[in-house]
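J.: sequence plus the predicted model coming up.
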Amino acid sequence: MSTKGHPQTALTKYKISLANTEHKPEEFLTAWSTYEDKLLADPKKLPTIGGYCLEVGISQSHILEYAGKVPGLTEIVERIMELQEEFCLTNGITQKVNPIFAMFLLKAKHNFKDSAITSATQINNTNISADVLADALEIMNKRK
């Protein structure tokens with residue numbers, strides 16, 4: 001859709017500038033270092049790929065494009081997801097964050113699933129022939 005003749009909002013201009021900017025590989029590593037420091041400084045801050053993208057200055061839709069070009073970027077994204085999972089587990093259980101939100105995020109982003117509680121009862125169905133049963137009864141009767 002063309003915006004010709006219409007004034008662009010500040011957000012639209014920002015998104016266009018992000019899309020047209022080329023980033024150097026060292027910028028991704030520097031941004032990760034800065035973002036990781038922010039996460040360590042504030043233990044209540046949820047690690048997200050979006051937060052990292054804001055630190056780099058790219059949109060989330062472009063992170064996959066750069067993943068193939070920038071060595072180590074895939075590991076950074078995986079690390080963020082691991083930190084997010086750990087954050088949700090530890091803070092959700094201790095109720096430092098809303099446990100329902102933590103559970104939702106774990107199910108939606110980290111493949112956690114509800115499972116039914118299974119019974120610990122074991123049922124063995126063994127067929128015993130009549131001859132074996134007769135022999136067993138005979139042995140039992142002799143012992144009496």
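T.: Arrived safely.

J.: tell me which residues touch the most centrally placed residue in the chain, please.
T.: Nearest to the mean C-alpha position of the chain, by C-alpha atoms, centre = their mean, lies His110 at 2.8 Å. Neighbouring residues of His110 by C-beta atoms under 8 Å, 6 or more residues apart in numbering: Met81, Gln84, Glu85, Cys88. Every C-beta, even on glycine, is put in place using the N, C-alpha and C of the backbone.

J.: turn those into TSV, including secondary structure.
T.: Shown next, in TSV, are these (DSSP: H, G, I helix; E, B strand; the rest coil):
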residue	secondary structure
Met81	helix
Gln84	helix
Glu85	helix
Cys88	helix
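
J.: buried subset of those?
T.: Gln84, Glu85, Cys88 (16 or more other C-beta atoms under 10 Å).

J.: ranges for the helices of the protein?
T.: Ranges of helices in the chain, per DSSP state H, are 10-20, 25-41, 49-56, 60-67, 73-93, 99-109, 130-143.

J.: return the most buried member of those helices.
T.: helix 49-56 (a mean of 18; mean count of other C-beta atoms under 10 Å).

J.: so how far is that one from its chain's centroid?
T.: Remark: helix 49-56 is offset 17 Å from the chain centroid, using C-alpha atoms, centre = their mean, to the nearest Å.
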